[in-house]
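1. Model the following, please.
(one chain, ligands or ions: 3)
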Amino acid sequence: MSEKGFTRFNRKAIKVDDALQSLLPFVSEIEAESVGIMEAIGRRLSQDIQTPHPIPHFRRSGYDGYAVRSEDLQNATRQEPVYLNLVDNIPCGEVPSVSLKEGETARIMTGAMAPDEADTVVMLEATDQVEDNGKTFVKFTKPVKSGANITPIGEETQQGEVLLNKGKDIDSGDMAVLSSLGFDNVPVYKKPKVAVLSTGTELLDVSEPLEPGKIRNSNTYMLAAQIGKSGGEPILIGKFPDDVDVAKERINNLLHDDEIDIIVTTGGVSVGDYDIMTDIFLNWEGHTLFNKIMMRPGSVTTAGVFNGKLLFGLSGNPGACFVGFELFAKPVIDRMIDGAGEHPKITALLEEDYLKVNAFSRFVRGRYEVKEGKVWTRPVGLDQSSALLSMKDANCLIVIPPTKTGLKAGEQVEVILL
Ligand SMILES: Nc1nc2c(c(=O)[nH]1)N[C@H]1C(S)=C(S)[C@@H](COP(=O)(O)OP(=O)(O)OC[C@H]3O[C@@H](n4cnc5c(N)ncnc54)[C@H](O)[C@@H]3O)O[C@H]1N2
Ligand code: MOO
Ligand SMILES: [Mg+2]
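-> Ligands and ions are numbered 1, 2, ... in the order given. Now for the predicted structure:
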């Protein structure tokens, strides 16, 4: 009997949102760290990133050509071309070596720094270079608009603007900005360390050959991927037989291990004789928050807290384990790294009838696709808690509210994006 009056069998089912809310008070933001820029890919920024200088930080030529003062060319025509004296050559990475005076021009390459006195760059294709007793001139046959083909300082952004916001997951565009601004070290949130421990005497290691009545421990590896995708770092503790003392001792170590932020177990949370996680949650030094949810699959998903550390007892059934993680552990990890901790939802149209009726909400592994501008969704694989193969094809969970009649094709449903 736990202090909340939970017992093995009489469990008080609570709503998904209430269960999620009951976890959130125990979620604290994880500290930040600084990582090398290449390690920052996919990590979450822990600070706003302001630009220390305008972009671009110098007047930049947009083309290979000649930097000119547009007033020198205002009378240029094919019949009466203007010839400017070539006084400088500015490749990319160099700076102008002379200041342009009236009647002078500088050859300049794309991306190179334009001379202060030039307000325009004329493309090479629109000019000719001519020699005249040892001096080089450039021939222009039409006037140019002042400012053409030169990117002014700060055209993209002025100094001091916030370009990347705290809480953003670093993707390719962010890497362009961070590297351009000189962040060879990047402030990111530490990855919450999530210990994964699977219980079940029936479990074999991945490398072990099958035996009658036994299965390989697939939940641990499925969760490792889900944890990584959620921004956490999976710490694989391994599989344990259905021995409550062994499991309890191991879990206790983890609860006291400052290196571990969250513990996730799989298996043994229902009413079976060897459901040892149920036993642990019924009498442990922590506080059990819930052990029954108004949902399918994963209705026996259980969670508790011990000195501020959350322990999740996910179901052994792969489908239930997967859904239990997505609905409860993923939002917790997200909030630890400054995320909203919400389930990303969109509405979609059912492509086919869903006729299973149920008193609880169903979270059905499904796929959504955009077709003719509308979002459609359909279940994938076996819609059963114990199904293993439906997760690989799923990119969403279709939320089927409690219904007496099931839902018809074309009806609107919410889907949670995976
Ligand atoms: N009489 C009742 N039976 C069941 C109930 C119930 O209320 N009354 N609850 C059902 C529900 S709901 C679910 S969900 C499952 C949950 O089972 P457990 O969390 O206790 O999981 P186990 O019994 O340990 O195993 C269930 C199933 O999953 C397989 N399994 C376990 N660990 C792994 C793993 N690491 N990788 C892959 N597969 C795993 C295990 O072999 C079993 O087949 O209980 C229902 N029963
Ligand atoms: O609630 Mo369970 O995951 O349906 O079997
Ligand atoms: Mg069981």
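2. burial of residue 400, as a residue count?
-> Neighbour count of residue 400, defined by other C-beta atoms under 10 Å: 25. For the C-beta atoms, the positions are set from N, CA and C on the backbone; glycine is no exception.
3. For it, name its beta-bridge partners.
-> The residues listed as beta-bridge partners of residue 400 by DSSP bridges are residue 362.
4. Wait, it touches residue 355, no?
-> No: counting by C-beta atoms under 8 Å, residue 355 is not a contact partner of residue 400; they are 10.3 Å apart.
5. who touches both of these two?
-> Common contacts of residue 400 and residue 355 (C-beta atoms under 8 Å, 6 or more residues apart in numbering): residue 407.
6. got the phi/psi numbers for the most centrally placed residue in the chain?
-> The centre of the chain sits closest to residue 169, judged by C-alpha atoms, centre = their mean, with a distance of 4.9 Å. Reported as degrees, to the nearest 10, the phi and psi values for residue 169 are phi -80, psi 130.
7. With adjacent residues omitted, what lies nearest to the residue in the stretch 301-418 of the chain that ligand 3 sits nearest to?
-> Here the stretch 301-418 of the chain gets closest to ligand 3 at one residue, residue 316, 5.8 Å apart by C-beta to the ion. Closest residue in space to residue 316, ignoring its immediate chain neighbours: residue 267 at 3.4 Å, by C-beta to C-beta, 6 or more residues apart in numbering.
8. just checking, the one you found touches residue 198?
-> Yes: counting by C-beta under 8 Å, residue 267 does reach residue 198; the two are 5.9 Å apart.
9. Quick check: the residue of this structure nearest ligand 1.
-> The minimum distance from the chain to ligand 1, using C-beta to the nearest ligand atom, falls at residue 316 (2.5 Å).
10. so what's that residue scoring on pLDDT?
-> Residue 316 carries a pLDDT value of 98.
11. and the gap between residue 254 and ligand 3?
-> Separation of residue 254 from ligand 3 (C-beta to the ion, to the nearest Å): 21 Å.
12. and that residue, which of the three is it?
-> The three-state label given to residue 254 by DSSP: H, G, I helix; E, B strand; the rest coil is helix.
13. what about it, how many neighbours?
-> If you count neighbours by other C-beta under 10 Å, residue 254 ends up with 20.
14. Over to the one 10 residues further on?
-> Using other C-beta under 10 Å, residue 264 is surrounded by 31 other residues.
15. For it, which residues are in contact?
-> 194-197, 223, 227, 312, 314, 325, 329.
16. Now render those as a markdown table, adding secondary structure and neighbour count.
-> Converted to a markdown table, these look like this (DSSP: H, G, I helix; E, B strand; the rest coil; neighbours: other C-beta atoms under 10 Å):
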| residue | secondary structure | neighbour count |
| --- | --- | --- |
| 194 | strand | 29 |
| 195 | strand | 25 |
| 196 | strand | 27 |
| 197 | strand | 23 |
| 223 | helix | 28 |
| 227 | helix | 26 |
| 312 | strand | 26 |
| 314 | strand | 29 |
| 325 | helix | 27 |
| 329 | helix | 26 |
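17. Between residue 267 and residue 198, point out the one with more neighbours.
-> Counted by other C-beta under 10 Å, residue 267 and residue 198 do not tie: residue 267 has more neighbours, with 29 against 24.
18. Report the separation between the more buried one and residue 394.
-> Using C-beta to C-beta, to the nearest Å, residue 267 is found at 21 Å from residue 394.
19. How is the chain partitioned into domains?
-> The chain breaks down by automatic domain parsing into domains covering 3-31+190-336, 34-55+155-189, 60-151, 345-417.
20. and those, which is most packed in?
-> Between the domains of the chain, domain 3-31+190-336 has the highest mean count of neighbours, a mean of 19, where neighbours are mean count of other C-beta atoms under 10 Å.
21. Can you give me the pLDDT of residue 7?
-> 80.
22. Just the helices from the protein, written as ranges.
-> With helices called from DSSP state H, the chain shows them at 16-23, 172-180, 219-229, 244-255, 276-282, 318-324, 330-336.
23. Give me the nearest residue to the residue nearest to the centre of the chain, chain neighbours excluded.
-> Residue 169 sits nearest to residue 44 (C-beta to C-beta, 6+ apart), 5.3 Å away.
24. and that neighbour, what does it touch?
-> 167-170, 188-189, 231, 337-339.
25. Pretty sure residue 99 sits against residue 114.
-> No: using C-beta under 8 Å, residue 99 makes no contact with residue 114, being 11.8 Å away.
26. picking up where we left off before, between residue 267 and residue 198, what contacts are shared?
-> 219, 316.
27. mind checking how far residue 150 is from residue 85?
-> 20 Å.
28. Adding distance to residue 377 as columns, could you present the contacts of residue 264 in TSV?
-> Formatted as TSV, the contacts of residue 264 follow (distance: C-beta to C-beta, whole Å):
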residue	distance to residue 377
194	29
195	34
196	29
197	33
223	24
227	25
312	27
314	24
325	21
329	23
